[in-house]
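Asks: Dropping the sequence and predicted coords here.
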Amino acid sequence: MIRFTSLFSQSQPHKLALALTALLLSTIASLFIGVIELDLDRLFTDPDGLWLMLVSRIPRTLAVLLTGVSLAIAGQVMQVLVQNRFVEPATAGSGQSALLGIVLVTLYLPDSSLMTKMGLASLAALLGTVVFLLMVHKLPRHDTYLVPLVGIVYGGVVGAAATWLAWQFDLIQMLGIWMTGEFSGVMRGRYDFLWIAGVLAIFSYLLADQFTIASLGEDHARNLGLNYNIVLVIGLLIISVVMAVTVVTVGIIPFIGLIVPNIVSRWRGDNLRDSLPLVAYLGAMLTLLSDIIGRLVIFPYEIPVGSVFGVAGALVTLWLLYHSPSAQRN
């Protein structure tokens, strides 16, 4: 277990046990919630029950966990690169750029493989993120809220371009699926690319010290001997691939990469070596709870997890804005 015990002090091991138990119970609950009734007796006595568990319930739960972990860590990486706590890939152009890339691939390379679509969407997300960073580089650093505002406007422009193209070529319904993150269509064989995002999350942890130094700013990072440009490129690649994989597989889910790193940083500080495991845990937990709530509120129908997390995330974001250090100074 990768330094997960560092999340809690050694004098309070019960907190670690409580956190892991909560995640385990939520995961088990996710496996048994659905339109088709499934219990332990049927699971072990009915072949159809076992088939349902292996083909639908387990893949969906794994997809939820992988998405929550990877989006939360991608948000943490973007905040480090931009040096602003109020940005995330889904609202700063990265997700919308990946969406635009998927639309373009669908139009001009309709017979391409899913891997090709994901690769080109990653390239589009990379270019969109680079453009955002170039714009942010010219903004005053002391204005905390100007950077996310520019990101929202930029993401809106890119998203509008994707919507216009989809409307021109009668792809609005398909675009709507990609814009609203949900897991109802996840089955065995239709979520495997999310493991790439999971691997990138682990890779981000291996580079946690470098990202922590990069968060000090380019000049300080270079003075400490860090190759800032290489770390920047690696961070951009992580953000781009994670966004492309999640958009292709489940769609855009906002606010995960925004609120999770902010909550963790207020609790654990800015040392990514200590905080990234908790970022991953909280991202997985909140995404899983949002998916469970979406399945129960209007059962047997579902509310997309992107909508559930969007409502809760908007409220938490407002709280973060009004209780940030800069807001308190003003």
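Replies: That came in fine, so what should we check first?

Asks: residues near residue 145, how many?
Replies: Using other Cβ atoms under 10 Å, residue 145 is surrounded by 13 other residues. Where you see a C-beta, it was placed from the backbone N, CA and C, and this is true even at glycine.

Asks: Which residue, other than its chain neighbours, is closest to it?
Replies: Spatial nearest neighbour of residue 145, excluding adjacent residues (Cβ to Cβ, 6 or more residues apart in numbering): residue 86 at 6.7 Å.

Asks: Could you do residue 88 as well?
Replies: Leaving out its chain neighbours, the residue that sits closest to residue 88 by Cβ to Cβ, 6+ apart is residue 257, at 3.5 Å.

Asks: Three-state assignment for that neighbour, please.
Replies: Here residue 257 is helix, with the state taken from DSSP: H, G, I helix; E, B strand; the rest coil.

Asks: pretty sure it contacts residue 74?
Replies: Yes - counting by Cβ atoms under 8 Å, residue 74 is a contact partner of residue 257 at 5.5 Å.

Asks: what touches both of the two?
Replies: With contacts taken as Cβ atoms under 8 Å, 6 or more residues apart in numbering, the residues that reach both residue 257 and residue 74 are 88, 89.

Asks: tell me what the helix or strand containing residue 80 is packed against?
Replies: Assigned by DSSP states H and E, residue 80 belongs to helix 58-82. Under the contact criterion of 3 or more Cβ pairs under 8 Å, 6 or more residues apart in numbering; DSSP states H and E, helix 58-82 touches helix 13-31, helix 114-137, helix 194-206, helix 208-214, helix 228-249, helix 256-268, helix 272-296.

Asks: Export these to CSV and append columns for mean neighbour count.
Replies: CSV is the format used below for the helices and strands packed on helix 58-82 (neighbours: other Cβ atoms under 10 Å):
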stretch, mean neighbour count
helix 13-31, 14
helix 114-137, 19
helix 194-206, 18
helix 208-214, 20
helix 228-249, 23
helix 256-268, 23
helix 272-296, 22
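
Asks: so what's residue 161 up against?
Replies: Per Cβ under 8 Å, 6+ apart, neighbours of residue 161: residue 100.

Asks: and the closest residue to residue 284 other than its chain neighbours, how many neighbours?
Replies: Nearest residue to residue 284, sequence neighbours excluded (Cβ to Cβ, 6+ apart): residue 68, at 4.1 Å. Residues near residue 68, counting by other Cβ under 10 Å, number 27.

Asks: hang on, isn't residue 68 packed against residue 279?
Replies: No - if you go by Cβ under 8 Å, residue 68 and residue 279 don't touch, sitting 10.1 Å apart.

Asks: Next one: the residue nearest the centre of the chain relative to residue 194, how far apart?
Replies: For the chain, the residue nearest the mean C-alpha position is residue 71 (1.7 Å; Cα atoms, centre = their mean). Going from residue 71 to residue 194 by Cβ to Cβ, to the nearest Å gives 10 Å.

Asks: list residues touching both of these two?
Replies: Between them, residue 71 and residue 194 share these contacting residues under Cβ under 8 Å, 6+ apart: residue 246.

Asks: low pLDDT regions in the stretch 1-150 of the chain?
Replies: Low-confidence segments of the stretch 1-150 of the chain (pLDDT under 70): 1-12, 141-142.

Asks: check which helix or strand covers residue 315.
Replies: Per DSSP H and E: residue 315 is located in helix 305-322.

Asks: So which bits of that helix are buried?
Replies: Buried positions in helix 305-322, judged by neighbour count with 16 or more other Cβ atoms under 10 Å: 305, 306, 307, 308, 309, 310, 312, 313, 316, 317, 320.
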